[in-house]
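Asks: give me a model of this one.
(chains A and B)
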Amino acid sequence: MPYLLDKAYLLPLIMAGSFLVILLFGKKLLRVAGEKAVAAVGVLAVAVCFVLALVIAGQWIQRVDHPPVEGSPEFAAAKAACLGASEPEGAHEKGGVGERNGAEHGDSTVEDAPSVGGSEHAMGIAEGESAAALAEPSSGESTGGAHSEVLPVCKTITWFETGVANGPTILPGIKFEVGTLVDGLSVMMLVTVGLISLLVHVYSIEYLRGDRRFVHYYAFLSLFTASMLFYVLGTNTLQMLVGWELVGLCSFGLIGHWWEEKKNTDAALKAFLTNRVGDTGLIIGVVVTFFAAGATSFNVLHINEYALSANANKTLLLVGALCLFAGVTSKSGQFPLHTWLPDAMAGPTPVSALIHAATMVVAGVYLIARLYAVFYGGLEIGSSSLHYVAFIGGLTTIIGGALAFVQYDLKKVLAYSTISQLGYMVMALGVGAWTAGVFHLFTHAMFKACLFLGAGSVSHACHHTFDMREMGGLKKYMPVTHATFLVSTLALAGIFPFAGFWSKDEILAGSLHGPSGGENAYYLMLVMGLITAFLTAAYMGRAYYLTFLGEYRGHGHPHESPKVMTVPLVILGFMGAVIGFVNFPGHIGPITIPENLAHRFEHYVQPTFAFPSIEVAPFTLWLAGLSLVLAVGGLVIGIGYYLKGRPLAGLTERNPLARAGYQFLVNKYYLDWLYEDVIADSTKGAIARAMYWVNQNIIDAIVNLFGAGALAIGRGLYRYVDQGVVDGLVNGSGMVSEESGQFLRRIQTGKVQQYAALLFGSAVALVFVLFIVS
Amino acid sequence: MDFNSGQFWSSPITYAVFLPAVGALVMLLIPRQQEMTHKVLALITSLVTLGIGIYILTQFDYSAGSRLQGVVDTNWIDAINARYIVGLDGISLPLFALTLLVVPLCVIYSMDHIPAPGNAKAFLILILVLETGMLGSFVAIDLVLFFVFFEVVLLPMYFLIGVWGGEQRQYASIKFFLYTLFGSALMIVAFLALYFLTKNPDGSAAQTFDIRQLQALSGSSIGRTTQLLIFGGMFVGFGIKVPMFPFHTWLPDAHTQAPTVGSVILAAVLLKLGTYGFVRIAIPVLPEAAQSWAPIIGLLAVIGIIYGALCCLAQTDMKRLIAFSSVAHMGYVMLGIATLTPFGINAAIFGMVAHGLITGMLFFLAGSTKERYHTLEIRRLGGLLKSAPRMGWILGFCSMASLGLPGLAGFWGEFPAILSSYNPANPTRATVLFGWSNEVVFRIFMVLAAIGTVLAAGYLLYLYQRVAFGEPKEEFADDPHIHDVNAFEWVSWVPLLVGIVLLGVYPNIVFSVTNETVAPAVQQIAAAVGGG
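Replies: Predicted structure coming up:
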């Protein structure tokens, strides 16, 4: 048992430690040792994490190559650890009440069980659970995979537990576990997050040099990395929800990093609130999947297993999947909740690279990949040819791609491009091309981070502008930035043999073939994907031309960035160039790739446990050729337009239809107007004010009316009964009447103090007296 | 002192409850000019009370939380068979502890924040009397005793608002006083009805105010309609205190006008008396009626969530906004209670504690903002992060906690309430709402409550953006009054901030205590309602 696989919790813990150190001692460190020392804390922590992630990846590869044999005790123990608490029929006698104190006893690691006679206390429970896992007949069978399952490595501890297990008419106990789930998918994410976070940490030393909130920046970077790792490693949906919200917090904090300007804080608020809208769905989705899968566990593997079982409730799965997808829609910038992402570019550029391109925004994609059985079953991906998720993914790719054309801000081009590519990933998962989607997530993280950091480098050189109209001709001033940007552009555009080509092609092939061995094709998605392939190349060609070719149009003298910025660029550029090779198809036309080179990514990353059986689409030469032609055509048109001195804007001036389209795009399909001016403004304006008016003028008025009524009755009594009748009777006793009048008046003018004090003082006294007497 | 002696004079609960009153009596004898003496005395009193409380926490047997512990049961008013019964279990312990914590912090804060018109003596005496009332309410197991303590709370708060309050303190304090008193009147009628109508299994009149006995008899001898009416009486009484929509209008006025410390105590503890009343008395004593009322409670709770949040968005005053947020947050608590599930009620108690810490903290911040800026007009504020960075960060932290960010306390009150609504107790039972089943109506509530989280983020972040972000407004740009958090503020705030993080990261601290009592209690309720 490679020992790091069940110690993945170290990664988020190290980053959390780094966060605390920077938070508590950062200011002091800055004073004493300068910015570099603060950055060093973060860089060191994330470097350690990255190394650990690589080691874990290596150990995971070993595990896949030599998995525990099905039926062996080690296999059973691993399965028990993964499904641990999820057995519906309470494998161990938990009285609900008694068990709770033994939170540490719930600790069941994979190691404990096989080493018989090892640690005594964990033994009993692990055995009990493995017995239950074996007793469960259906588990895993429905995946029907011919290849043997490679079980994830799970380690969980019980965080809290409430309720009585197996109560008669009420909810059984709800148990929340925290733990780490290590499998190919999470390992891939660990490496991606580790690498890009490390490079961004390094890059930021220079980019943020002299920033007024250098310490806060690094503290947030560490917290973000910790949260992201926590999310990625989550064994259950609730833990993922926690991580999901925490990365959202960091995103909020970093978008609003320069909070003096209202524009930035508006963007931060927009990001947080838009995400909250989606989170509503996520929360409900978590609840629905929890109850659908038997209300015993939030465990993702348990939920996946349920979703694959024959008796799964398809309607609930559909509802759950769609609710979860609402969360994905906001987090991963899918139409129609993508509008926050371009605004999020208000944050520092390295943050855009890390959070808003490579890692946080793919959290939604990751969620689908993680709970794939739910989506697969709920949306019937295997037998459908069109459904909501795939369609939204496809729509988002085109919508994002089209918007990228009309931007003059380099970062916005990249932001819309990110939206478009996220749509690609979602579409891939939607059409059942799981590996393709996840692979694209992986490659995209590399070249898009490179593009963003490249944009940062350019802006660093050009007086902090991102306006491409003030750039141009930077090729000769910034050779390294230019080279890496070009490579990444080609990768993003999907030019052979760069990374994007391979992952994009798999998605297109997946749309063509569908997941059921060619039985159902997603032709609409295929067309959308091809259109986007063209669009992507064209807008990237445009951006590349405006930035690096032609004549320099800005002020001053641009210069190449220092090494601390260019080295991360080179690393990412290199990755963007070659990383596509990790998932060679088995056959490229007539060429057959050796088996130990082909499908490596798929082999090590695609789950085999609690995962629907999917047939991976073969490489299709004509499709790859077509997409390549479209991409090259896009590049040629994108660059060619400007080379001839006829920019796109010219066309829109000449052609009314183009002008209308241009206006439509410039106004971002009027979605911002709809959300901000119509929905948000009316909610916080008219609707909220109307509510408050109701509160003050109706509900409260009734209360006041009661008060006034009582007062009026009192006055009436006083004037007519007391003064008129009683006082009339008590003739000649003016003194008395005056006193009583004053007394009453005192009450009426609000001075009940004396009266009430008397009343309650005597009440308290009475309590004492009565007590002592008795 | 012996926690389990059962003797009045040796029970630490006695000392915890009455020590603040004794301290107040001592302070009565000291001339008001000696302000420092009063402050020190009040601090010592509240700290010693806290010490006794900590001793109780160490003596409490957490593995037997379902059992009422430290019970003192002696004769009190024989004529009506009202007994002096106090005790603690998993439901009351967290709230008891919360009260013990909040009062000393308020006293510390008051060290240099006695609001106009001054008079530290009277101010602090009232806070100590308040503490006795609050602690007493949480330990009382006899309805009359509970009622007495419940009312004892009312008066000091009335004075705190009426004397040390803002410009409209007269109106606010009388509204608070009369409104709550109105509720109390219905409540006592309900209590008396329970006393006279509850019968023993052998048919003899039970004539008891002992909550344990009433719970055991669970109102089974009372006619269904009468049960519903009695529950209705308690519902209004407790509902006003919570406050539940539409009985909430006293709250924004009281909060806005109350002095800082008054607001803090009001938010942190007083509101919980209402929700606690539901969990401790109304539901266990009349489970059948509770089941019938549950959809209505749930409905009013979600209306409160959405409505309170929308009203927040319309506010121009920071303190009033926070006040309205209480309506929304207590909506989640009531929703959790209305599900009548173990997780829901656990969540409700968690929500009470979390809301106490978070909103208490927000009111502290509002008070300190007012002290610095002499206004809480949101329009005029801005750039707090620049003028007083630490305070700005704390406000951000508390806003995030209040909007239910996971990892901070607020989340564990909110999410479980939403979760429990998916599957309420007796899911198939038809409700008064169009005859739909419990399951259907509560799932609708779930969606609405989830939408409420968006609105919560909306108003808190708009508030934060306008108060903390940006550059300070010109009129306050170089105001020397605007200083960062001072020592007294640090001391009184840090425990709350630590509590928010601690409960957020490890909610089991509360859940493990409450679940011991809640789980069996809910099962008992379910058993009383029967199969359904």
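Asks: in the stretch 351-500 of chain B, what residue comes closest to chain A?
Replies: Among all residues of the stretch 351-500 of chain B, B:Pro406 sits closest to chain A, at 3.9 Å; criterion: C-beta to the nearest C-beta. Using the backbone N, CA and C atoms, a C-beta is placed for each residue, glycine as well.
Asks: how about the secondary structure of that residue?
Replies: Of the three states, B:Pro406 takes coil according to DSSP: H, G, I helix; E, B strand; the rest coil.
Asks: pLDDT wise, what is residue 205 at?
Replies: All of this is about chain A. pLDDT recorded at A:Ile205 is 89.
Asks: wait, chain B was what I had in mind.
Replies: The predicted local distance difference test score for B:Ala205 is 81.
Asks: residue contacts, the closest residue in space to it that isn't next to it in sequence?
Replies: Residue nearest to B:Ala205 in three dimensions, not counting chain neighbours: B:Lys199, with 5.9 Å by C-beta to C-beta, 6 or more residues apart in numbering or on different chains. Shown in contact with B:Lys199 (C-beta atoms under 8 Å, 6 or more residues apart in numbering or on different chains): B:205-206, B:217, B:221.
Asks: only the buried subset of the residues you listed, as a PyMOL command please.
Replies: Buried subset of these, written as a PyMOL selection, criterion 16 or more other C-beta atoms under 10 Å in any protein chain shown:
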select buried, chain B and resi 206+217
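Asks: kindly indicate which of the contacts of B:Lys199 lies nearest A:Phe272.
Replies: B:Leu217 (51.1 Å; C-beta to C-beta).
Asks: identify the residue nearest that closest one in space, chain neighbours excluded?
Replies: On the basis of C-beta to C-beta, 6+ apart, the spatially nearest residue to B:Leu217 that is not a chain neighbour turns out to be B:Thr198, at 5.5 Å.
Asks: tell me which stretches of the stretch 451-600 of chain A form strands.
Replies: Listed in chain order, the strands of the stretch 451-600 of chain A (DSSP state E, counting those that start in this stretch) span residues A:587-588, A:591-592.
Asks: pLDDT averaged over the last one, what's the number?
Replies: Spelled out, it's strand A:591-592. Averaged across strand A:591-592, the pLDDT comes to 80.
Asks: ok, then the element right after it?
Replies: Read in the C-terminal direction, the helix or strand following strand A:591-592 is helix A:600-605, with elements assigned using DSSP states H and E.
Asks: tell me the buried residues in that following helix?
Replies: Along helix A:600-605, these residues count as buried under the neighbour rule (16+ other C-beta under 10 Å): A:601-605.
Asks: and the end-to-end length of stretch A:286-299?
Replies: End-to-end distance for stretch A:286-299, by C-alpha to C-alpha, to the nearest Å: 11 Å.
Asks: returning to what we had before: so the residue nearest to B:Leu217 sits right up against B:Ala206, yeah?
Replies: Yes: counting by C-beta atoms under 8 Å, B:Ala206 is a contact partner of B:Thr198 at 4.3 Å.
Asks: what touches both of these two?
Replies: Listed contacts common to B:Thr198 and B:Ala206 are B:214, B:217; contacts here mean C-beta under 8 Å, 6+ apart.
Asks: in the stretch 501-650 of chain A, what residue lies closest to chain B?
Replies: Taking C-beta to the nearest C-beta, chain B has its nearest neighbour within the stretch 501-650 of chain A at A:Ala610, 22.9 Å off.
Asks: count the residues that sit near the nearest residue to that residue once chain neighbours are set aside.
Replies: Excluding the flanking residues, the one nearest A:Ala610 by C-beta to C-beta, 6+ apart is A:Asn304, at 3.9 Å. For A:Asn304, the number of neighbouring residues by other C-beta atoms under 10 Å in any protein chain shown comes to 25.
Asks: wait, A:Asn304 touches A:Tyr376, no?
Replies: No: A:Asn304 is not in contact with A:Tyr376 according to C-beta under 8 Å; the separation is 9.1 Å.
Asks: tell me the domain boundaries of chain A?
Replies: According to the domain assignment given by automatic domain parsing, chain A is divided into the following structural domains: A:70-178, A:453-666, A:674-773.
Asks: can you flag the weakest of the ones you listed by average pLDDT?
Replies: Set side by side, the domains of chain A differ in mean pLDDT, and domain A:70-178 is lowest with a mean of 52.
Asks: what does the stretch 551-700 of chain A put close to chain B?
Replies: When proximity is defined as C-beta under 8 Å from any C-beta of the partner chain, the stretch 551-700 of chain A approaches chain B at A:680, A:683-684, A:687-689, A:691-692, A:695, A:699-700.
Asks: can you say which of those are buried?
Replies: By 16+ other C-beta under 10 Å, those give A:680, A:683-684, A:688, A:691-692, A:695, A:699-700 as buried.
Asks: filter those residues down to the ones in strands?
Replies: Judged by DSSP state E, strands contain none of those.
Asks: could I get those residues as JSON lines with distance to B:Ser137?
Replies: Output for these, formatted as JSON lines (distance: C-beta to C-beta, whole Å):
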{"residue": "A:Ala680", "distance to B:Ser137": "42"}
{"residue": "A:Thr683", "distance to B:Ser137": "38"}
{"residue": "A:Lys684", "distance to B:Ser137": "38"}
{"residue": "A:Ala688", "distance to B:Ser137": "35"}
{"residue": "A:Met691", "distance to B:Ser137": "32"}
{"residue": "A:Tyr692", "distance to B:Ser137": "32"}
{"residue": "A:Asn695", "distance to B:Ser137": "28"}
{"residue": "A:Ile699", "distance to B:Ser137": "27"}
{"residue": "A:Asp700", "distance to B:Ser137": "27"}
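Asks: A:Pro12 reaches A:Leu229, doesn't it?
Replies: Yes: A:Pro12 is in contact with A:Leu229 according to C-beta under 8 Å; the separation is 4.2 Å.
Asks: and the two? Which one has more around it.
Replies: Comparing A:Pro12 with A:Leu229 by other C-beta under 10 Å, the one with more neighbours is A:Leu229, at 32 against 21.
Asks: quick check, that one in a helix?
Replies: Yes: with three-state DSSP as the criterion, A:Leu229 is part of a helix.
Asks: isn't it right next to A:Leu13, touching?
Replies: No: under the criterion of C-beta under 8 Å, A:Leu229 lies out of contact with A:Leu13, with a separation of 9.1 Å.
Asks: hey, what's in contact with both of these two?
Replies: Contact criterion C-beta under 8 Å, 6+ apart; no residue bridges A:Leu229 and A:Leu13 by contacting each.
Asks: so which helix or strand takes in B:Ala328?
Replies: Assignment of secondary structure by DSSP H and E places B:Ala328 within helix B:318-339.
Asks: and the next helix or strand past that helix?
Replies: As the chain continues past helix B:318-339, the following element, by DSSP H and E, is helix B:342-373.
Asks: and the angle for that following helix with helix B:318-339?
Replies: Note on geometry: by axes from the mean of the first three to the mean of the last three C-alpha atoms, to 10 degrees, helix B:342-373 and helix B:318-339 are set 170 degrees apart in direction.
Asks: just the mean pLDDT for helix B:342-373, thanks.
Replies: 91.
Asks: quick one: name whatever helix or strand follows it.
Replies: Moving toward the C-terminus from helix B:342-373, the first helix or strand encountered (DSSP H and E) is helix B:384-387.
Asks: could I get the helix or strand following that following helix in CSV with only the CA atoms?
Replies: With elements assigned by DSSP H and E, the helix or strand that comes after helix B:384-387 is helix B:389-402. What follows is the C-alpha trace of helix B:389-402 in CSV, where atoms were taken according to Å, rounded to 0.1, in the frame of the first residue of the first chain:
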residue,chain,number,x,y,z
PRO,B,389,-9.0,48.2,8.8
ARG,B,390,-9.4,45.6,11.5
MET,B,391,-13.0,46.6,12.2
GLY,B,392,-13.6,46.4,8.5
TRP,B,393,-12.2,42.9,8.3
ILE,B,394,-14.3,41.8,11.3
LEU,B,395,-17.4,43.2,9.7
GLY,B,396,-16.6,41.3,6.5
PHE,B,397,-16.0,38.2,8.5
CYS,B,398,-19.3,38.5,10.3
SER,B,399,-21.2,39.3,7.1
MET,B,400,-19.8,36.1,5.6
ALA,B,401,-20.8,34.2,8.8
SER,B,402,-24.2,35.7,8.7
